[in-house]
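J.: coords please:
(one chain, ligands or ions: 1)
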Amino acid sequence: MARKKIALIGAGQIGGTLAHLVALKELGDVMLFDIVDGVPQGKALDLAQSGPVEGYNSTLKGTSEYKDIEGADVVIVTAGVPRKPGMSRDDLLEINLKVMEQVGAGIAKYAPEAFVICITNPLDAMVWALQKFSGLPTNKVVGMAGVLDSARFRHFIAEELGVSVQDVTAFVMGGHGDTMVPLARYSTVAGIPLPDMVKMGWMSKDKLEQIIQRTRDGGAEIVGLLKTGSAFYAPAASAIEMAECYLKDKKRILPCAAHLSGQFGLSDTYVGVPVVIGAGGVERIVEIELNGAEKKMFDASVASVDGLVEACKKIAPKLA
Ligand code: A3D
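T.: Predicted coordinates:
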């Protein structure tokens with residue numbers, strides 16, 4: 001059986017980390033693409049040379065030509081610009097929308113059968129635009145944000161309670177921005193919902209609220225520390241988890257920016273919701289019940305994503 005082919009569009013901080021993880025996990029061969037000639041080739045060569053040490057057999061190549069992504073099984077898109085301190089994700093919209101147009105055309109021409117995971121910010125609007133520009137089926141184009149936001153929430157909870165991150169599950173829905181919706185009720189420690197952990201005296205309600213806010217600000221905290229770019233290790237690990245679910249038909253339930261057509265009362269919208277990922281891409285959307293307060297937060301988050309999508313339509317009228 002031939003190895004799977006994984007195309008990584010964007011060979012920056014996340015792209016390089018993705019390539020390393022694909023090789024370490026032997027998920028397939030890597031084609032690293034970037035418009036800056038030399039960077040994808042150099043990173044691919046460096047990573048290939050760690051193969052003999054790490055003991056992986058993946059082939060890693062770099063390119064600046066779309067034809068080299070031909071036949072990719074999975075495409076992960078990080079092309080564009082990241083945030084600098086003081087910038088919001090939304091400030092990236094105009095530049096990254098143009099990038100999505102080029103990337104969408106490249107995927108449509110050379111990898112129309114691929115499962116596409118978008119990471120470029122502002123995430124929900126960019127994945128919406130990428131699906132339109134590429135014309136791929138909506139179940140094959142998905143955005144990575146919820147896995148990362150949930151991982152941040154899980155890390156903070158585990159650290160606070162002094163328990164393993166493995167025993168903490170967390171749920172973050174909505175758009176990937178300041179309005180994201182961490183759902184304490186659906187987040188658990190060994191199956192015990194967080195509000196019950198508060199009742200059991202493991203954590204104060206105030207501490208839980210602080211952690212929820214720190215999760216919302218999780219990206220900005222790292223941008224502030226790094227000063228030259230944004231987070232890349234955890235974003236890459238999160239996208240790899242999604243790719244692995246698809247390639248291995250795992251049917252795990254992960255929060256992803258998925259296309260909604262009627263679910264949660266929304267249509268033609270990409271926003272973070274729990275989905276089943278398997279060989280069919282996004283196979284099912286899990287329509288969990290939200291209480292009044294959660295619904296209010298989710299609606300506000302959707303409204304902010306809608307605003308960005310409207311801005312995309314103004315910049316690129318063919319998306320309207
Ligand atoms: P960076 O290291 O700058 O890499 C981006 C790469 O894209 C660079 O190597 C560029 O040369 C390349 N690029 C620019 N334009 C094009 C183009 N037209 N075609 C192909 N390649 C191009 O950034 P990064 O890897 O740190 O971040 C990449 C993106 O992910 C940014 O938009 C971030 O904001 C975003 N991001 C999203 C999350 C989410 O959770 C959704 C988290 C972290 C970063």
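J.: okay, whichever residue of the stretch 1-150 of the chain sits closest to the ligand: pLDDT?
T.: Relative to the ligand, the nearest point of the stretch 1-150 of the chain is residue 12 (1.8 Å; Cβ to the nearest ligand atom). C-beta coordinates here come from the backbone N, C-alpha and C atoms, glycine included. Listed pLDDT for residue 12 reads 97.
J.: List the residues that contact residue 220.
T.: Contacts here follow Cβ atoms under 8 Å, 6 or more residues apart in numbering; on that basis residue 220 touches nothing.
J.: The one helix or strand it maps to: which residues count as buried?
T.: In this assignment (DSSP states H and E), residue 220 forms part of helix 218-226. For helix 218-226, a neighbour-count test (16 or more other Cβ atoms under 10 Å) marks 218-220, 222-223, 226 as buried.
J.: before we move on, what about stretch 204-216?
T.: Within stretch 204-216, judged by 16+ other Cβ under 10 Å, the buried ones are 208, 211-212, 215-216.
J.: now stretch 92-111
T.: In terms of neighbour count (16+ other Cβ under 10 Å), stretch 92-111 has its buried residues at 92-93, 96-97, 99-101, 103-104, 106-107, 110-111.
J.: How far does it sit from its chain's centre?
T.: 16 Å (Cα atoms, centre = their mean, to the nearest Å).
J.: With respect to residue 86, which of the buried residues of stretch 204-216 is nearest?
T.: residue 216 (17.3 Å; Cβ to Cβ).
J.: Tell me how far that closest one lies from the ligand.
T.: Relative to the ligand, residue 216 is positioned 13 Å away (Cβ to the nearest ligand atom, to the nearest Å).
J.: need the residues of the stretch 1-150 of the chain near the ligand, please.
T.: Counting by Cβ under 6 Å from any ligand atom, the residues of the stretch 1-150 of the chain close to the ligand are 9-15, 34-36, 39, 78-83, 92, 96, 99, 102, 119-121, 123, 144-145, 148.
J.: Quick check: buried residues in the strand or helix carrying residue 269?
T.: Per DSSP H and E: residue 269 is located in strand 267-278. Across strand 267-278, burial judged by 16+ other Cβ under 10 Å covers 269-278.
J.: same question, stretch 228-241
T.: For stretch 228-241, by 16+ other Cβ under 10 Å, it's 230-232, 234-236, 238-241.
J.: Intersect the residues you listed with the contacts of the ligand.
T.: Contacts with the ligand within the buried residues of stretch 228-241, counted by Cβ under 6 Å from any ligand atom: 230-232, 235.
J.: one step back: find the residue closest to the residue of the stretch 1-150 of the chain closest to the ligand in space, skipping its chain neighbours.
T.: Nearest non-adjacent residue to residue 12, counting by Cβ to Cβ, 6 or more residues apart in numbering: residue 78, 6.3 Å away.
J.: Provide the backbone phi and psi angles at that neighbour.
T.: When read as degrees, to the nearest 10, the backbone of residue 78 gives phi -120, psi 10.
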